[in-house]
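Undergrad: Predicted model and sequence below, questions to follow.
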Amino acid sequence: MAMEKYPEAEVVHGAKDCHDHSMKLLSELGFPGGVLPLTNLEECGMVHETGFVWMKQKVPYEHLFRSTNTLVRYDTEVTAYVEKGKMKKMKGVKSKQLLVWVPIVEMSIEEEKIYFKSNLGIGKTYPASTFIDEKSDKEDKEEIEDNNSFERKLTV
């Protein structure tokens, strides 16, 4: 499907390969790995010419960033246009603020600070160290395997 829509795209399938690919991309862009904690991706890809990226998962995922006490929801498809230090025109990422889910449309990093911007133009800044993925590779692999076996149980 992605190849038909984006024939010039680099496309990766499978939870482990997508996780590795997304971690590499985040690193190349200058972001810490924990800023997009998606371990159960089915497909991800990038159109290098335009900077368009996407990540697909079977079900939405909610993650609590304990250090900021922020709940973030990642839809089944997350998209953005990327360049060094910036993700813009983001879709599929929302942050719960008080009782309302607020779309995050841009994320940028500068001088070890990450700025998240909502569709209202309002944003928040956090130290980049807040989002360093502290899990080891072994723990990542175990979580991916656990998620895959959990999904297999649900579909049986």
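TA: All right, it came through fine.
Undergrad: From here on, just use CA atoms for contacts and neighbour counts.
TA: OK.
Undergrad: strand partners of the helix or strand harbouring V72, parallel vs antiparallel please.
TA: Using DSSP states H and E, V72 falls within strand 70-83. Take DSSP bridges as the rule and strand 70-83 pairs in its sheet with strand 52-57 (antiparallel), strand 61-65 (antiparallel), strand 86-97 (antiparallel).
Undergrad: pLDDT on the second one, on average?
TA: Put plainly, it is strand 61-65. For strand 61-65, mean pLDDT is 93.
Undergrad: Show residues contacting that strand.
TA: Identification of contacts with strand 61-65 by Cα atoms under 8 Å, 6 or more residues apart in numbering yields 37-38, 70-76.
Undergrad: out of those, which are buried?
TA: 37-38, 72-76 (16 or more other Cα atoms under 10 Å).
Undergrad: okay if I get the residues you listed as a markdown table plus pLDDT and distance to M87?
TA: Shown next, in a markdown table, are the buried ones among the contacts of strand 61-65 (pLDDT from 0 to 100; distance: Cα to Cα, whole Å):
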| residue | pLDDT | distance to M87 |
| --- | --- | --- |
| P37 | 91 | 15 |
| L38 | 89 | 16 |
| V72 | 94 | 16 |
| R73 | 96 | 17 |
| Y74 | 96 | 15 |
| D75 | 97 | 16 |
| T76 | 96 | 18 |
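Undergrad: Sweet, I'm off.
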